[in-house]
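**Q** Requesting a structural model of the entry that follows:
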Amino acid sequence: MSETKIGSMRATPPEPLSDNRAASKNSQYERFRGATDEPIWVRYTLISITVSFLLLFLFLPLLSIFAEAFRKGVGAYFAAFNDRAALAAIKLTLITAGISVPLNIVFGLAASWAIAKFEFWGKSLLLTLIDLPFAVSPVISGLIFILLFGAQGLLGPWLSSQGIQIIFAVPGIVIATIFITFPFVAREIIPLMHEQGTEEEQAAITLGANGWQTFWYVTLPNVRWALLYGVILCNARAMGEFGAVSVVSGHLRGKTNTLPLHVEILHNEFNFVAAFAVASLLAVLGLVTLAAKTYVESRVHSASSSDDSSTSDH
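**A** Below is the predicted model of the structure:
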């Protein structure tokens, strides 16, 4: 092939932008940049308000918890956890979270898969019911379980005849915690499953995978970070729930008190060092939750960025 033909087959470079088009793009960029290019005093005022709010309502209370907890020394701090009631509260808190979180994982995955992957009557109602614990006060939730399972409630007499006690016992605490926390896992997974659609599942079924294989090898890996994010929030709320648990527990010391309820009892008894020592344990839990949440968010962001780059490469 001659050099002339080869030269004619080469791709011609794009024409440079004309002066008018370049000026138009520059003016458009300046207009968009100007929408967020506020004067320096406005930016520093907003930053000062934000930092002051965080100092006043977050960092100072957090520091005061640890300062009060160690006010009488390290020995007094650790002595607060040698109390039998404190150990029972820690144990009950772990049991409650250990039961409610796995059940919420099962419910969250099942509800998310049904809502995002299928069309059925009552789908909007199911979405509304999932948000119900966010709209109802936790105290009202506890009162509902009192009216349902209490001695004078709807099912109370029958439960008493069967020797089953729910209210003022561990089962009532677990049920109230499950009700308060069940939206967290589902609400993290549903939007992601909606965004992903059903194309990958349909492809897997076309290739011969059954329903369980499709869920385990296709659906679950795609939502693993959202699932972990929801589990972290669910666990933190389960361990720190106060309102609903306070109503159904009966405040039986050493039996039905979780950590938040134990802190309240110690504070009401003016045992401030022990109260703040136990509260510091919940504060550490909150900090660990925040760190885990930040890590998961960074992984989700990096995963989405890699997906976008692979899509653009293709």
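
**Q** Next, the contact list for residue 241, please.
**A** 138, 176, 177, 180, 181, 258, 260 (C-beta atoms under 8 Å, 6 or more residues apart in numbering). To be clear about C-beta, it is placed using only N, CA and C from the backbone, and glycine gets the same treatment.

**Q** tell me which of those residues is nearest to residue 94?
**A** Each of these was checked against residue 94 using C-beta to C-beta; the closest is residue 258, at 9.6 Å.

**Q** Which positions in stretch 116-128 come out as buried?
**A** Neighbour-count burial for stretch 116-128, with 16 or more other C-beta atoms under 10 Å as criterion, is recorded at 116, 117.

**Q** how far is that stretch from where the chain is centred?
**A** On the basis of C-alpha atoms, centre = their mean, to the nearest Å, the separation between the geometric centre of stretch 116-128 and that of its chain is 22 Å.

**Q** Averaged pLDDT, it. What do you get?
**A** Stretch 116-128 carries an average pLDDT of 87.

**Q** who's in contact with it?
**A** With C-beta under 8 Å, 6+ apart, stretch 116-128 has contacts from 111, 114, 115, 189, 190, 193, 194, 196, 198, 201, 219.

**Q** And stretch 260-275, by the same measure?
**A** Around stretch 260-275, the neighbours that count as contacts under C-beta under 8 Å, 6+ apart are 68-69, 71-72, 76-77, 79-80, 83, 85-86, 89, 240-242, 245-246, 249, 251, 253, 257, 278-279, 282.

**Q** Point out where this protein drops to low pLDDT.
**A** Counting by pLDDT under 70, the ranges of the chain that qualify are 1-37, 303-314.

**Q** check which helix or strand covers the residue nearest the centre of the chain.
**A** By C-alpha atoms, centre = their mean, the mean C-alpha position of the chain lies nearest to residue 233, the distance being 3.0 Å. Under the assignment given by DSSP states H and E, the secondary-structure element containing residue 233 is helix 224-240.

**Q** Which helix or strand lies directly C-terminal to that helix?
**A** Per DSSP H and E, the first helix or strand lying C-terminal to helix 224-240 is helix 243-249.

**Q** Which elements pack onto that next one?
**A** helix 138-149, helix 170-181, helix 259-268 (3 or more C-beta pairs under 8 Å, 6 or more residues apart in numbering; DSSP states H and E).

**Q** and of these, who's closest to residue 301?
**A** Proximity of the helices and strands packed on helix 243-249 to residue 301 was assessed by C-beta to C-beta; the nearest stretch is helix 170-181, lying at 25.3 Å.

**Q** Quick one: list the elements packing against the helix or strand following the closest one.
**A** Scanning the chain past helix 170-181 towards its C-terminal end, the next helix or strand to appear is helix 183-196 (assignment: DSSP H and E). The contact analysis (3+ C-beta pairs under 8 Å, 6+ apart) places helix 183-196 against helix 84-117, helix 123-130, helix 132-135, helix 220-222, helix 224-240.

**Q** Cheers, nothing more for now.
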